[in-house]
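**Q** Show me the folded form of this:
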Amino acid sequence: MNRNYAESYIKKLTALLENTDTEAVNRIIELLEELDPFENTVYFMGNGGSAATASHFATDLGVGLKLRGIKNFSVICLSDNIPAVTAISNDVGYDNIFYAQLKNRLKKGDVLVAISASGNSPNIVKAAEYAKKTGTRIIGCTGFDGGKLRELSDINFHVQTEKGEYGLVEDMHMILDHIIYSYFVATKEGASTKYTLE
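**A** The predicted structure follows:
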């Protein structure tokens, strides 16, 4: 057993945290603050661990903030609907699972949060390219060298790591979710423990 591994991992994660692109975080918050919850929808997507992050992110913004009476974002996680994902994958291929859900649905002012450590997942890139054509603003969460998604993003939260360091990248993407969620909670006194649903 390598008894130094945990310490080494924590050192790498700490270094990434200390170099967090806070300007990108601020820009994401500003974009979300500008959204009209009655007109615009925030879509999330990701594969594997990034799908879990997308689902968690969507729940924090769509449910957590609503139950605290802070924001009423319209939020959809495209990774969550397993029947839709498997049907699309089975019928027209896995590369279309996000694109097919977004096609003819996106409208001006919507936001797409695309999460991909490599930035090169074909289904993520295809959906992001479509979103770009419609004028949808893209928040890309990437790692490694950022891949194609980094180029397509209007705002990019990038975690620069060696290729294959999924754990560190996914940790940082989850922390991004919690920074943004905590920011909105902090805007309302007592909101961290108080629910307002009646």
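
**Q** could you give the mean pLDDT of the longest strand anywhere in the chain?
**A** Scanning the chain for the strand with the most residues, using DSSP state E, yields strand 137-144. What strand 137-144 shows for mean pLDDT is 98.

**Q** Can you list the strands that it pairs with?
**A** Sheet pairing for strand 137-144, assigned by DSSP bridges, gives strand 111-116 (parallel), strand 155-160 (parallel).

**Q** From the centroid of this structure, which residue is nearest?
**A** Val113 (4.4 Å; C-alpha atoms, centre = their mean).

**Q** these two touch, right, Asp80 and Ala58?
**A** Yes - Asp80 is within contact range of Ala58, at 7.4 Å (criterion: C-beta atoms under 8 Å). C-beta: built from backbone N, CA, C; applies to glycine.

**Q** Dump the C-alpha coordinates for stretch 49-68 into CSV.
**A** Listed next in CSV are the C-alpha coordinates belonging to stretch 49-68 (Å, rounded to 0.1, in the frame of the first residue of the first chain):
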residue,chain,number,x,y,z
GLY,A,49,-19.6,11.0,-13.2
SER,A,50,-20.3,14.3,-14.9
ALA,A,51,-24.0,13.1,-15.3
ALA,A,52,-24.1,12.8,-11.5
THR,A,53,-22.6,16.3,-11.2
ALA,A,54,-25.1,17.6,-13.7
SER,A,55,-28.0,16.0,-11.7
HIS,A,56,-26.7,17.3,-8.4
PHE,A,57,-26.1,20.8,-9.9
ALA,A,58,-29.7,20.9,-11.3
THR,A,59,-31.2,19.8,-8.0
ASP,A,60,-29.3,22.4,-6.0
LEU,A,61,-30.4,25.2,-8.4
GLY,A,62,-33.9,24.0,-9.3
VAL,A,63,-35.1,22.6,-5.9
GLY,A,64,-32.7,23.7,-3.2
LEU,A,65,-33.0,27.4,-4.0
LYS,A,66,-36.8,27.1,-4.6
LEU,A,67,-37.5,25.5,-1.3
ARG,A,68,-35.6,28.3,0.4
